[in-house]
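Enquirer: need a 3D model of the following:
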Amino acid sequence: MIAAISWVPKGFANSVPTAADPPSKEEIEEIVKSGLLDTREGSAELFGSSNLYYASNKMDPYLKDGDEDSEEEEDMTIKPEDGIIVCARNEDDVSHLEACGFFFYLEACGLFVWILEDPSDVNSNMYVHHDVVIPAFPLCTAWLDCPIKGGEKGNFIAVGSMEPAIEIWDLDIMDEVQPSATLGGVAEMKKKGKKKSIKYKDGSHTDSVLGLAWNKEYRNILASASASADKLVKIWDVATETCNLTLDHLDQLKINK
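Expert: Below you'll find the model as predicted:
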């Protein structure tokens, strides 16, 4: 099921996404605990490209023959005229982020990056460029160019899901296993008998995040707004990953026309 779609403005995506570093032992253990790793016999896919961590053979230090399919290499290159769409969808027990324009393909819950070659051409090709596996059922997305990692601009997607945390993923990195930033979420969970005690991070939502919007006018402030099933609206500072403002009692607000 497709839950949300976001366009990526032209000129913000890298022509060739960077391959993520292989996950550390600690990251793998964390992913196994989250249930993203399929541990059934014969199944070892952690990412959309399974055990492949490199976008092309040239990027893989273990391949020395340089045998590269030129057509595949061309598909990995994002051209200036390409249209890019990020699609969040769910398949069975896995969520994904997809993007059209570049390839984002995930099993279960994930983000998919699709590429639409030259949208002005009615016969243009459309394919998945790469994907990102996410831990929870996605409900909404919002693209933002806040330079979270430094520089003048970025290419990120914020994802709201059935969980209280808001994850921000770098769309210029393939096979990434951890978000670039996380806003809110569960800090600690304890189980006493049949009861669960949940401690949330400071300023976090306590229920599903139903909507997201990024303030384009004040991008230097790096603010993101979210609306949640907990009946709260929060304004976030993406740079510091903190909540700056919480609005409640929204049913009592009056809007002057």
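Enquirer: only C-alpha atoms for contact and neighbour calcs from this point on.
Expert: Fine.
Enquirer: in the stretch 1-150 of the chain, where is pLDDT below threshold?
Expert: Applying pLDDT under 70 to the stretch 1-150 of the chain picks out residues 27-28, 30-72, 92-108.
Enquirer: mind listing the strands for it?
Expert: Listed in chain order, the strands of the stretch 1-150 of the chain (DSSP state E, counting those that start in this stretch) span 2-8, 18-19, 83-91, 94-100, 109-116, 126-133, 138-144.
Enquirer: over to the stretch 151-257 of the chain?
Expert: In chain order, the stretch 151-257 of the chain shows strands spanning 156-161, 166-170, 173-174, 181-183, 186-192, 195-200, 209-214, 223-228, 233-237, 242-247, with DSSP E, counting those that start in this stretch as the criterion.
Enquirer: most packed of these?
Expert: The highest average neighbour count among the strands of the stretch 151-257 of the chain, using mean count of other CA atoms under 10 Å, belongs to strand 156-161 at a mean of 26.
Enquirer: report all helices and strands that that one contacts.
Expert: With contacts defined as 3 or more CA pairs under 8 Å, 6 or more residues apart in numbering; DSSP states H and E, the secondary structure elements packing on strand 156-161 are strand 138-144, strand 166-170, strand 209-214.
Enquirer: take these and write them to JSON lines, including distance to residue 128.
Expert: Written out in JSON lines, the entries for these read as follows (distance: least, CA to CA, whole Å):
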{"stretch": "strand 138-144", "distance to residue 128": "18"}
{"stretch": "strand 166-170", "distance to residue 128": "16"}
{"stretch": "strand 209-214", "distance to residue 128": "24"}
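Enquirer: quick one: which of those strands is nearest residue 77?
Expert: Residue 77 sits nearest to strand 166-170 of all the helices and strands packed on strand 156-161, at 16.9 Å, using CA to CA.
Enquirer: mean confidence score for that closest one?
Expert: Strand 166-170 comes out with an average pLDDT of 93.
Enquirer: show me what it is packed against.
Expert: Packing partners of strand 166-170 (3+ CA pairs under 8 Å, 6+ apart): strand 156-161, strand 181-183.
Enquirer: nearest to residue 18, of these?
Expert: Distances from residue 18 to each of the helices and strands packed on strand 166-170 were compared by CA to CA, and the smallest falls on strand 156-161, at 13.7 Å.
Enquirer: what about residue 142, distance to residue 78?
Expert: In this structure, residue 142 lies at 21 Å from residue 78, with CA to CA, to the nearest Å as the measure.
Enquirer: ignore what I typed, I meant residue 184.
Expert: Residue 184 sits 33 Å away from residue 78, taking CA to CA as the criterion.
Enquirer: how about residue 18?
Expert: Using CA to CA, we find residue 18 at a distance of 12 Å from residue 78.
Enquirer: neighbour count: these two, which is higher?
Expert: residue 78 (23 against 16; other CA atoms under 10 Å).
Enquirer: test my guess that that one contacts residue 11.
Expert: No: applying CA atoms under 8 Å, one finds residue 78 not in contact with residue 11, separated by 9.9 Å.
Enquirer: what is the end-to-end distance of stretch 232-243?
Expert: Using CA to CA, the end-to-end distance of stretch 232-243 comes to 12 Å.
Enquirer: that should have said stretch 123-140, apologies.
Expert: Chord length of stretch 123-140, first to last residue, is 30 Å (CA to CA).
Enquirer: residues of stretch 145-152 that come out buried?
Expert: Of the residues in stretch 145-152, 145, 146, 147, 148 count as buried by neighbour count, 16 or more other CA atoms under 10 Å.
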